[in-house]
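Visitor: structure of the sequence below:
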Amino acid sequence: MGNWSLVGAIIYWAFTQSYSFLLAGRLGLSAVADVNAIRLMLMPAILLTVGVMSLLGPTAATWHAEAGLALLLRRLVGFFVGIGLLDLIYLAALWACRDWLLGTVLRKHVSQADELLTLWTLVAIIALAREILQVALLVLGKAKAMAKLVALSAIAALLVSWFGVAWWGAPAVLIGTVVGELVNLAGLGILLRKEYREQSAPIEGPSTVPT
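Guide: Numbering: from 1, shown residues only. Reported below is the predicted structural model:
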């Protein structure tokens, strides 16, 4: 599990950092600066997710040991709803103040700022759901399947980003990221559904014949 977790983490890190190199090579450093300026504005929501995830893993393992997968999934969904609502409140305030933050605080003009902010918001919400769901699979010891899924989602994201830059410009890398995160999220849902069905299936014991 440790080896496959490391492989998955390396692939995901490379995937999340690759957009800067792709943008720099195709559009120049100004495009990298624009995308990262908008990402900086979303850091409070991103850091909230990172902080909760560092505590949720051990807690989720305890829930699974005590009550099984069904209860674990219900509680994880509750976490997603709670953190998601906090994120949406912050993101709504961020959208209302976006011009002031860019012009007065950051003192920067960002091309396609509204499109980039919308796409980063989608990335943040989808990534939150993915982070929470993958906790359940880590508890179940499915690190190998998750590493393969991360590789598949990274390939999908990079393909969309590479070919999309010619059509959409800088937002293409975030569209690719959204596609990759959705592929990952869908795969996690399929794996969890399979595990849930296997654990919910009745155990057939030896038949007894009355004497």
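Visitor: how close does the spatially most central residue of the chain get to residue 62?
Guide: In the chain, the centroid-proximal residue (C-alpha atoms, centre = their mean) is residue 127; its distance is 2.1 Å. Counting by C-beta to C-beta, to the nearest Å, the gap from residue 127 to residue 62 is 24 Å. All C-beta spots, glycine's among them, are computed from the backbone N, C-alpha and C.
Visitor: quick check: which ranges of the protein have low pLDDT?
Guide: For the chain, applying pLDDT under 70 flags the ranges 1, 201-211.
Visitor: where along this protein do the helices fall?
Guide: Along the chain, counting by DSSP state H, helices occupy 2-26, 29-41, 43-67, 69-96, 98-100, 113-139, 143-168, 171-200.
Visitor: now distance to residue 107 too, for those helices, in TSV please.
Guide: Formatted as TSV, those follow (distance: least, C-beta to C-beta, whole Å):
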stretch	distance to residue 107
helix 2-26	21
helix 29-41	10
helix 43-67	18
helix 69-96	17
helix 98-100	11
helix 113-139	14
helix 143-168	26
helix 171-200	22
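Visitor: quick check: which of those helices is nearest to residue 106?
Guide: Closest approach to residue 106 among the helices of the chain (C-beta to C-beta): helix 29-41, 6.1 Å.
Visitor: who are the packing partners of the closest one?
Guide: If contacts are counted by 3 or more C-beta pairs under 8 Å, 6 or more residues apart in numbering; DSSP states H and E, helix 29-41 sits against helix 2-26, helix 113-139.
Visitor: report the angle between the last one and helix 43-67.
Guide: What separates the directions of helix 113-139 and helix 43-67 is an angle of 20 degrees, with axes from the mean of the first three to the mean of the last three C-alpha atoms, to 10 degrees.
Visitor: for helix 113-139, packing partners?
Guide: helix 29-41, helix 43-67, helix 69-96, helix 98-100, helix 143-168, helix 171-200.
Visitor: buried residues in it?
Guide: Buried residues in helix 113-139, counted by 16 or more other C-beta atoms under 10 Å: 113, 115-139.
Visitor: repeat that for the shortest one.
Guide: Neighbour counts using 16+ other C-beta under 10 Å place 4, 7, 8, 11, 12, 15, 18, 19, 20, 22, 23, 26 of helix 2-26 among the buried residues.
Visitor: can you give me the angle that helix makes with helix 143-168?
Guide: 10 degrees.
Visitor: isn't residue 150 right up against residue 15?
Guide: Yes: with contact defined as C-beta atoms under 8 Å, residue 150 reaches residue 15; the gap is 7.3 Å.
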